[in-house]
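Student: have a look at this prediction, sequence included:
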Amino acid sequence: MEPIYQFATPQSIENQKAAQSKQAQDATEQTASCQNCKESKTDRSSTTTTLLAIAILLVTGFCTSFSATAQTAFASNNGPNKPAKENKSDVAIRSLDDITFPEADFKRGAYLKLRTVYVDVPVSKFKIKPFPANSSAETRAELDFLLHLQKTRNAEAINRTETMANIYFDPLTTNPADADYTRNINSLFFIGRDLGPWFNAQQLPVTSRVLQQVIQDATYYIFSLKADFSRPRPYQLDSRLENLEAPGHASYPSGHSSTSHVHAYILSHIFPEYKDHFMGVASDMAFSRETRGVHYPSDSEAGKEFAHQFVDELMKSRQFRTDLEAMKAEIVQVRAANQLTKK
């Protein structure tokens with residue numbers, strides 16, 4: 001059914017005004033030429049008044065309708081608490097928070113397809129709190145801290161961080177014929193190196209195998225979290241940062257911090273008396289990444305927190321607990337043999 005009333009449009013109002021004006025003019029002319037037709041004049045005057053009243057009602061109705069429509073449109077576009085005009089500083093902040101690690105630069109997609117050995121839980125099982133917003137005061141303070149580290153780092157510090165940058169285990173590099181194989185395997189023994197020169201892959205093959213499987217599991221979850229959070233690297237937010245490398249993956253959580261703390265927690269199960277030492281070495285590793293300008297301090301903390309939760313999940317695995325006992329027995333035996341040799 002067609003509606004009985006139609007909303008007035010600006011053109012219909014103009015047309016109505018023009019019609020009423022013409023009618024009023026005609027009525028005036030007719031009244032002037034027919035002075036003796038008082039009754040006719042009165043009728044025409046009444047008609048004109050009625051028509052003008054109708055026009056006023058139409059105009060009022062249109063304005064009311066337009067006002068209501070405009071308010072509805074504003075509310076739907078801006079919401080009840082949004083300003084009509086966007087502040088330039090708000091746009092700048094929003095743009096800063098829109099920055100993520102470029103998906104095209106993510107070079108570790110293969111890690112997201114790794115098969116785990118000990119841990120089989122959803123990535124969401126690891127409750128890593130979100131990193132501070134790019135525009136937050138916390139992030140600004142972190143960036144300023146990294147700028148301070150940049151200003152104070154010397155050649156010795158840079159060389160040290162260069163060495164530590166190469167301490168990582170790649171689960172996809174396990175072929176002894178690979179040119180990077182030795183560096184890769186030796187990385188598994190960095191956190192515990194102060195136990196003695198005997199703490200190495202050659203003398204501890206069981207330990208090497210277990211640690212490879214542990215870090216393979218950890219790598220899958222670390223890089224899954226990195227992909228989920230997609231935090232930009234510090235130098236992508238502040239161009240004044242002179243980063244010493246450009247990792248091909250997102251910033252949060254720190255991979256070096258994560259895996260180093262995983263090693264520290266595991267070795268602490270075997271040598272609880274050295275826990276503080278192992279944790280200190282892991283913290284040094286994490287800090288080296290900040291010195292190089294590639295990680296925020298909050299990345300390092302997130303890595304430590306991930307490691308704590310990850311090792312808790314490891315300890316729930318019967319297979320890992322069995323392998324951990326085999327690893328411990330091997331370490332105790334080799335350590336004892338080397339102590340006897342020294343005497």
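Tutor: Now that the structure is in, tell me what you want to look at.
Student: how many neighbours does L241 have?
Tutor: L241 sits with 18 neighbouring residues when counted by other Cβ atoms under 10 Å. Using the backbone N, CA and C atoms, a C-beta is placed for each residue, glycine as well.
Student: who's in contact with the residue nearest the centre of the chain?
Tutor: Compute the mean C-alpha point of the chain, and by Cα atoms, centre = their mean the closest residue is F229, 4.0 Å away. When contacts are counted by Cβ atoms under 8 Å, 6 or more residues apart in numbering, F229 is found next to I128, P130, F131, A250, Y252, P253.
Student: out of these, who's nearest G109?
Tutor: Relative to G109, the closest of these is A250; by Cβ to Cβ it sits at 12.1 Å.
Student: so what's the residue count around that closest one?
Tutor: If we define neighbours as other Cβ under 10 Å, then A250 has 25 of them.
Student: F101 is in contact with that one, correct?
Tutor: Yes: under the criterion of Cβ atoms under 8 Å, A250 is in contact with F101, at a separation of 3.8 Å.
Student: mutual contacts of those two, please.
Tutor: Shared contacts of A250 and F101, counting by Cβ under 8 Å, 6+ apart, come down to K226, S230, R231, P232, R233.
Student: need those residues in a markdown table with distance to F106, can you?
Tutor: Listed next are these as a markdown table, based on distance: Cβ to Cβ, whole Å:
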| residue | distance to F106 |
| --- | --- |
| K226 | 8 |
| S230 | 8 |
| R231 | 12 |
| P232 | 12 |
| R233 | 12 |
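Student: ok, and the most crowded of these?
Tutor: When neighbours are counted by other Cβ under 10 Å, R231 leads the shared contacts of A250 and F101 with 27 neighbours.
Student: what helix or strand is D299 located in?
Tutor: Element membership of D299, judged by DSSP states H and E, is helix 297-314.
Student: after that helix comes which helix or strand?
Tutor: Read in the C-terminal direction, the helix or strand following helix 297-314 is helix 318-342, with elements assigned using DSSP H and E.
Student: before we move on, which element is the nearest residue to Q319 once chain neighbours are set aside in?
Tutor: Take Q319 and drop its neighbours on the chain: the residue closest to it by Cβ to Cβ, 6 or more residues apart in numbering is Y118, 6.0 Å away. For Y118, there is no host helix or strand (DSSP H and E).
Student: D238 now?
Tutor: Secondary structure (DSSP H and E) places D238 outside all helices and strands.
Student: repeat for the one 3 residues further on
Tutor: L241 belongs to no helix or strand when elements are defined using DSSP H and E.
Student: look up how far S317 lies from it.
Tutor: Using Cβ to Cβ, to the nearest Å, one obtains 40 Å as the distance from L241 to S317.
Student: next one: E273
Tutor: Separation of E273 from S317 (Cβ to Cβ): 25 Å.
Student: neighbour count: the two, which is higher?
Tutor: For the pair E273 and S317, the greater number of neighbours falls to S317 (17 against 7), based on other Cβ under 10 Å.
Student: contacts only, for the more buried one.
Tutor: By Cβ under 8 Å, 6+ apart, the residues touching S317 are Y118, V119.
Student: ramachandran angles for it?
Tutor: Recorded main-chain torsions at S317 are phi -90, psi 120, according to degrees, to the nearest 10.
Student: any idea of the pLDDT on it?
Tutor: According to the per-residue confidence, S317 scores 98 in pLDDT.
Student: repeat for M1
Tutor: 31.
Student: with A55 instead?
Tutor: You'll see A55 listed with a pLDDT of 43.
Student: okay, and for the protein, where does confidence drop off?
Tutor: Judged by pLDDT under 70, the chain has its weakly predicted residues at 1-93, 340-343.
Student: let me see the domain layout of it.
Tutor: Structural domains annotated on the chain: 10-78, 100-342, as defined by automatic domain parsing.
Student: can you say which of those domains is packed in most?
Tutor: Of the domains of the chain, the one with the most neighbours on average (mean count of other Cβ atoms under 10 Å) is domain 100-342, at a mean of 17.
Student: centre of the chain versus it, how much separation?
Tutor: Centroid displacement of domain 100-342 relative to its chain, using Cα atoms, centre = their mean, to the nearest Å, is 20 Å.
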